[in-house]
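**Q** I'll drop the sequence and a predicted model, then ask my questions.
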Amino acid sequence: MAMSTSIERAPAPVAAAVATPRLVVIDALRGVAILAVVAYHFVWDLGNFGYLPGQWCSTPAGVLTGRIIAGSFLGLVGVSMALAHQHGFRARSFWRREAQLLATAALVTIVTFVVMPAEVVTFGILHNIALTSLLLVPFLRGSRALALGCALLAFALPSLVTIEAAPAWWTWTGLAAHPTPSLDYQPLLPLLGVSLLGLIAGRTLVSSPRLAVAVGRLGHDPVSRSLGRVGRHTLAIYLIHQPVMYGAFWLVQYLR
């Protein structure tokens with residue numbers, strides 16, 4: 001889920017402040033987000049295998065926590081899009097990443113359909129990131145005020161529009177009154193608003209050398225560097241961690 005977070009061909013003061021090819025603080029924040037995902041799924045596994053009473057992840061607080069974690073990823077998607085394409089749309093790298101996201105999203109759908117068909121993932125975080133990345137492209141240039149207006153609309157629409165009789169395939173929008181059960185459901189709305197705000201923040205960063213210098217100086221402590229290394233491998237961690245943890249829990253149950 002990571003993408004380039006560099007400030008490319010930056011003015012000399014900015015380049016001096018950014019000691020590595022990437023903004024370490026962005027990678028560190030992505031590292032925090034993926035560790036939060038791992039912790040969240042660990043709690044889900046504890047509930048699923050009966051080590052915790054009930055399933056906390058299904059409570060309103062648990063659902064809200066999951067949305068906040070997903071929102072942090074999608075906000076960083078917006079920031080990273082602005083940084084990666086600040087000097088023009090890099091079509092080759094964008095479409096390569098889109099293909100990777102779509103392939104892994106399809107893999108998640110297929111695996112969950114086989115393992116838990118009643119809660120198959122049809123529009124989870126990877127599906128959302130792939131579609132959101134595509135929708136962010138027109139906002140890489142042009143008015144940031146327009147992007148802000150669209151972000152506010154994305155936040156407001158789920159409260160203003162509810163489609164009671166929406167078919168199951170419509171639930172990805174976030175406007176369906178009764179979403180189909182899913183192990184991972186991250187609808188486009190209102191989360192698109194978070195990504196647009198991230199994009200605005202990223203565009204503001206690259207247009208302000210002083211701000212870029214300040215941000216470039218962040219994240220060079222040992223903890224942030226370690227988190228940054230984790231954050232550069234979020235997609236691999238996302239795909240691997242839950243099968244490993246779930247398999248470990250299953251094995252413990254089997255051997256008891």
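**A** Everything's here; your move. Numbers count the residues shown, from 1 in each chain.

**Q** residue ranges with poor pLDDT in this protein?
**A** Low-confidence segments of the chain (pLDDT under 70): 1-22, 165-166, 168.

**Q** just want the most central residue of it.
**A** With distances taken as Cα atoms, centre = their mean, F73 lies nearest the centre of the chain, 2.8 Å away.

**Q** that residue sits in which helix or strand?
**A** helix 60-84 (DSSP states H and E).

**Q** just how off-centre is that helix within its chain?
**A** 5 Å (Cα atoms, centre = their mean, to the nearest Å).

**Q** next: stretch 243-253.
**A** 25 Å.

**Q** now do that stretch: everything it contacts.
**A** V38, H41, F42, D45, N48, F49 (Cβ atoms under 8 Å, 6 or more residues apart in numbering). Just so you know, the C-beta spots here come from the backbone N, C-alpha and C atoms, and that holds for glycine as well.

**Q** repeat that with 7 Å
**A** Identification of contacts with stretch 243-253 by Cβ atoms under 7 Å, 6 or more residues apart in numbering yields H41, F42, D45, F49.

**Q** filter those down to just the ones in strands.
**A** Using DSSP state E, no member of those falls in strands.

**Q** which one of those is nearest P167?
**A** Using Cβ to Cβ, H41 comes nearest to P167 of these, at 29.3 Å.

**Q** my guess is that closest one contacts I240. True?
**A** No: using Cβ atoms under 7 Å, H41 makes no contact with I240, being 11.4 Å away.

**Q** in terms of neighbours, single out the busier of these two.
**A** Legend: neighbour count by other Cβ atoms under 10 Å for H41 and I240, higher for H41 (20 against 11).

**Q** contacts only, for that one.
**A** Applying Cβ under 7 Å, 6+ apart, we find H41 in contact with H241, Q242, M245.

**Q** the last one looks like it's in a strand, true?
**A** No: using DSSP: H, G, I helix; E, B strand; the rest coil, the assignment for M245 is helix, not a strand.
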